[in-house]
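Trainee: Fold the stuff below for me.
(one chain, ligands or ions: 1)
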Amino acid sequence: MLADCFDPTTGNDPRRPHWNTERETMAAEPLRALQLDKLVRQVRYLAESSALYRAKFADAGFAPGDLRSIDDLAALPFTTKADLRASQDAEPPFGLHQAAPMDRIVRTTATSGTSGKPVYQGYTRNDVLRRSESVARGFWSAGLRPGHRIVNGFALSMFSAGLPFCVGLEQLGAVSIPAGAERRAEGVLKIIRDMKADALTLTPSFASYLVEKAPEVLGMEAKDLGVKIIVGGGESGFEIPSFRREMEERWGTPCVYDWASASDAHPNVFAHCVHRTGKHHLTADLVLVQLIDPATGALKPIEHGTEGEYIFTHLDREACPLLRYRTGDVLRTYTTPCECGRTGFRMDIIGRSDDMLIVRGINLYPTAVVAIVGTFMPRTTGKAQVVLPAAGPKVEPPLRVRVECGEGVAPGTSGDLAKSIEAAIRADLSVTARVELVGYGQFQRTEAKTKLISIET
Ligand SMILES: [Zn+2]
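Mentor: Here you go, the predicted structure:
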């Protein structure tokens, strides 16, 4: 077993607070030394084995021996999703960045392809072990232990939270139940009931949809199913306190946690611990995460309250390793100590750099608007969408915001609801908005992700 991975066969005491205490509670100095040691080896490996990075290093006039500190990485260009697509077009299936030969690759995943052609990833055995390690760290952090029966409600077909989660949950020692979003709400609800599942992992919008379908499919409320732990991910949702509270109430459990990971290359992993004061970076020994200013690309130190787009560098990925990969996710970071003892910084995703809107010089993310709408529950469902006449980022005020009314609230008879939301948006975000209320149930409720921006001419 790799030193990076906790070996559960040598003792998997469910009372221990962290999956891998040694790695999850490292002090800053030894962690940085470990990261640098791995980085030096990884950069040399990329120069030897990855045609994409060999070319990028040559373009930048960079030799692997030039890397003496983590800061020296800044001399190298970013890797973008467009780079990965071009790399794959040039050398299918995995691309010019593939660094391990095909006979060492044992697993594949792909992005959904909703924003273009899917990006395919390969994994060696070592990659699979580290991936399972990161999944185990994240779920342990949410209180999952051997004996828990956990239904995976993510898409299983090719998705990085599908099969890799199931295997990671087996590594943790939980009863892994690969239901899969492909079974639709009906199938997943029946599996939860029949397997007496006490934990779920799925997208927040699917968790919400299951609540609505439970009475019709099972003749019972979701809160009577006995689910004790819910770990959401794949989209924003559970980091919005109002929505999380609604799910806690409707599933009948206070343990609703959020998880985040860049699905382009899923370095993993950011996850809530039970204190839920932002999601911890749990794999700083496996993935170097840095923040940049999305406009200038300049590095920003990770401090309490810093906001920036996160980029990452795999420290020991073998099959399809990435360096300075731009995720597009904009984070706010927190560095005060957490009671759980994990030392990884914590964060909330506050938006996507490509979703960022500029309204009269003010930067605004649609997720901030949704969070405000959520404070008006139950008069709203917490669901909202920014409606634009053309693609951003520049938007002329007032900002059109479509908001779904709560159950039993008719848009025409809701009095000052729209005006109150407009006032809250102006007060919190300094932007003038025009709120359009739509009736309960008008927003699409499906297994798919909810769109935050709608472009309507
Ligand atoms: Zn914590």
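Trainee: What distance do you get for the residue nearest the centre of the chain to the ion?
Mentor: Most central residue of the chain, judged by C-alpha distance to the mean C-alpha position with Cα atoms, centre = their mean, is residue 260 at 2.2 Å. Distance from residue 260 to the ion, counting by Cβ to the ion, to the nearest Å: 15 Å. All C-beta atoms are positioned from the backbone trio N, CA, C, and that covers glycine.
Trainee: residues contacting that residue?
Mentor: For residue 260, the residues meeting the contact criterion (Cβ atoms under 8 Å, 6 or more residues apart in numbering) are 233, 269-271, 279, 329, 347, 349.
Trainee: Would you mind measuring the gap between the ends of stretch 322-338?
Mentor: For stretch 322-338, the first and last residues are 30 Å from each other (Cα to Cα, to the nearest Å).
Trainee: cool, and stretch 283-301?
Mentor: Distance across stretch 283-301, first residue to last, is 18 Å (Cα to Cα).
Trainee: Find out how far it is from the centre of the chain, if you would.
Mentor: Shown here is stretch 283-301, whose average C-alpha point lies 16 Å from the average C-alpha point of the whole chain (Cα atoms, centre = their mean, to the nearest Å).
Trainee: One more: stretch 51-58?
Mentor: What separates the centre of stretch 51-58 from the centre of its chain is 29 Å, taken as Cα atoms, centre = their mean.
Trainee: what are the ranges of the strands in the stretch 101-250 of the chain?
Mentor: Listed in chain order, the strands found in the stretch 101-250 of the chain under DSSP state E, counting those that start in this stretch are 105-110, 120-124, 149-152, 175-177, 199-202, 229-232.
Trainee: Figure out which of these is closest to residue 308.
Mentor: Evaluated over the strands of the stretch 101-250 of the chain, closeness to residue 308 peaks at strand 229-232, with 23.7 Å, by Cβ to Cβ.
Trainee: by contact count, what packs against that closest one?
Mentor: When contacts are defined as 3 or more Cβ pairs under 8 Å, 6 or more residues apart in numbering; DSSP states H and E, strand 229-232 packs onto strand 199-202, helix 204-218, strand 256-260.
Trainee: Now tabulate these in CSV and tack on mean pLDDT.
Mentor: Compiled in CSV, these are given as follows (pLDDT from 0 to 100):
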stretch, mean pLDDT
strand 199-202, 97
helix 204-218, 95
strand 256-260, 93
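Trainee: Adding distance to residue 181, write the ones you listed out as TSV.
Mentor: Output for the helices and strands packed on strand 229-232, formatted as TSV (distance: least, Cβ to Cβ, whole Å):
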stretch	distance to residue 181
strand 199-202	7
helix 204-218	6
strand 256-260	16
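Trainee: burial of the residue nearest to the residue nearest to the centre of the chain when sequence neighbours are not counted, as a residue count?
Mentor: In this structure, residue 260 finds its nearest non-sequential neighbour in residue 270, 4.4 Å apart by Cβ to Cβ, 6 or more residues apart in numbering. By other Cβ atoms under 10 Å, the residues close to residue 270 number 28.
Trainee: Residue 156 now?
Mentor: Counted with other Cβ under 10 Å, residues neighbouring residue 156 total 18.
Trainee: doesn't residue 176 make contact with it?
Mentor: No: proximity of residue 156 to residue 176 does not meet the contact threshold set by Cβ atoms under 8 Å, at 11.5 Å.
Trainee: okay, and the common contacts of the two?
Mentor: Taking Cβ under 8 Å, 6+ apart as the contact criterion, the common neighbours of residue 156 and residue 176 are residue 166.
Trainee: what about residue 328, how many neighbours?
Mentor: Neighbouring residues of residue 328 were enumerated by other Cβ under 10 Å; the total is 19.
Trainee: that older thread, pick out the lowest-pLDDT one from the contacts of residue 260.
Mentor: When the contacts of residue 260 are compared on pLDDT, residue 269 comes out least confident, at 78.
Trainee: I'd like the distance between that residue and the ion.
Mentor: Between residue 269 and the ion the computed distance is 14 Å (Cβ to the ion).
Trainee: please begin residue numbering at 328 from this point
Mentor: Got it, first residue is 328 now, which makes that one residue 596.
Trainee: OK, contacts around that residue?
Mentor: Residues counted as contacts of residue 596 (Cβ under 8 Å, 6+ apart) are 461-462, 464-465, 586-588, 608-610.
Trainee: With residue 642 instead?
Mentor: Counting by Cβ under 8 Å, 6+ apart, residue 642 touches 362, 365-366, 369, 612-615.
Trainee: For residue 559, see how far away the residue in the stretch 428-577 of the chain that the ion sits nearest to is.
Mentor: Of the stretch 428-577 of the chain, the residue with the smallest distance to the ion, taken as Cβ to the ion, is residue 468 at 7.3 Å. Counting by Cβ to Cβ, to the nearest Å, the separation of residue 468 from residue 559 is 14 Å.
Trainee: which residues does the residue nearest to residue 462 when sequence neighbours are not counted contact?
Mentor: Across the structure, with Cβ to Cβ, 6+ apart as the measure, the residue nearest residue 462 apart from its sequence neighbours is residue 495 (2.4 Å). With Cβ under 8 Å, 6+ apart as the criterion, the residues that contact residue 495 are 458-463, 466.
Trainee: Would you format these as JSON lines with distance to residue 735 and neighbour count included?
Mentor: Written out in JSON lines, the entries for the contacts of residue 495 read as follows (distance: Cβ to Cβ, whole Å; neighbours: other Cβ atoms under 10 Å):
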{"residue": "458", "distance to residue 735": "45", "neighbour count": "27"}
{"residue": "459", "distance to residue 735": "46", "neighbour count": "20"}
{"residue": "460", "distance to residue 735": "47", "neighbour count": "28"}
{"residue": "461", "distance to residue 735": "43", "neighbour count": "27"}
{"residue": "462", "distance to residue 735": "41", "neighbour count": "28"}
{"residue": "463", "distance to residue 735": "43", "neighbour count": "27"}
{"residue": "466", "distance to residue 735": "37", "neighbour count": "28"}
